[in-house]
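**Student:** Pasting the sequence and the predicted coordinates here, then a few questions.
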Amino acid sequence: MTMITLLLLSLGLAMDAFAAAVAQGAASRPNRKTALRMSLAFGLAQAIMPLLGWALGIAFAAIMASAAHWIALALLTILGLRMIKEGLDRNPEEPMKELSLWPLLVVAIATSIDAAVAGITLPTIGAPIVLACVVIGLTTSLLTYPGVYLGALVGARIGKWAEVLGGLILIGIGIKIFVAQQYFGG
């Protein structure tokens, strides 16, 4: 896996958290504490979840070996389509309150489930797991923090399109993995 592919995967996975941060910023009066809490919670969840997915991938490596590129394509496409659908279905006018600790953790985990699923594919594409987790977590943190402030500036409507873009990026990565493995052997 090239660093560019890992960065694109990280960006795609971070879009749920970015969308949530933008929506939160649009619905509340953001401050540094809120932005930092969201950034840390989302980044940590996004860094841990691929590790869980990776462990599952390792446990079932023999089964996945012959169909790894098909599995990666299917999982990333399903995730991407789900993100696109949720982004398009999102009501930008729906009011939100500032998240307290427990709801923040729930949202952080919910927006990082796709990172766990993507983590399953990491062994099949040769991504070093520690590097992948760090890059995914940092990318999410770095996008979430300004996302809160961006939401306050432009409103919740951009959150919808950020999630759609994230879905498209994940689908593109799935297609790249499939084509590289199917036609070029890796």
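**Tutor:** All right, it came through fine.
**Student:** C-alpha only now, for contacts and for neighbours.
**Tutor:** OK.
**Student:** ranges for the helices of the chain?
**Tutor:** 3-27, 32-59, 61-64, 68-89, 101-110, 113-121, 129-154, 157-184 (DSSP state H).
**Student:** Pipe those helices into CSV and attach mean neighbour count and mean pLDDT per row.
**Tutor:** Formatted as CSV, the helices of the chain follow (neighbours: other C-alpha atoms under 10 Å; pLDDT from 0 to 100):
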stretch, mean neighbour count, mean pLDDT
helix 3-27, 25, 83
helix 32-59, 22, 90
helix 61-64, 14, 62
helix 68-89, 20, 78
helix 101-110, 16, 79
helix 113-121, 26, 81
helix 129-154, 22, 91
helix 157-184, 21, 74
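**Student:** right, and Ala26 touches Ala20 too?
**Tutor:** No: Ala26 is not in contact with Ala20 according to C-alpha atoms under 8 Å; the separation is 9.8 Å.
**Student:** Common neighbours of the two, please.
**Tutor:** Contact criterion C-alpha atoms under 8 Å, 6 or more residues apart in numbering; no residue bridges Ala26 and Ala20 by contacting each.
**Student:** ok, now how distant is Leu88 from Leu81?
**Tutor:** For Leu88, the distance to Leu81 (C-alpha to C-alpha, to the nearest Å) stands at 10 Å.
**Student:** nope, Val179 is what I was after
**Tutor:** 19 Å.
**Student:** do the same with Leu73
**Tutor:** For Leu73, the distance to Leu81 - C-alpha to C-alpha - is 12 Å.
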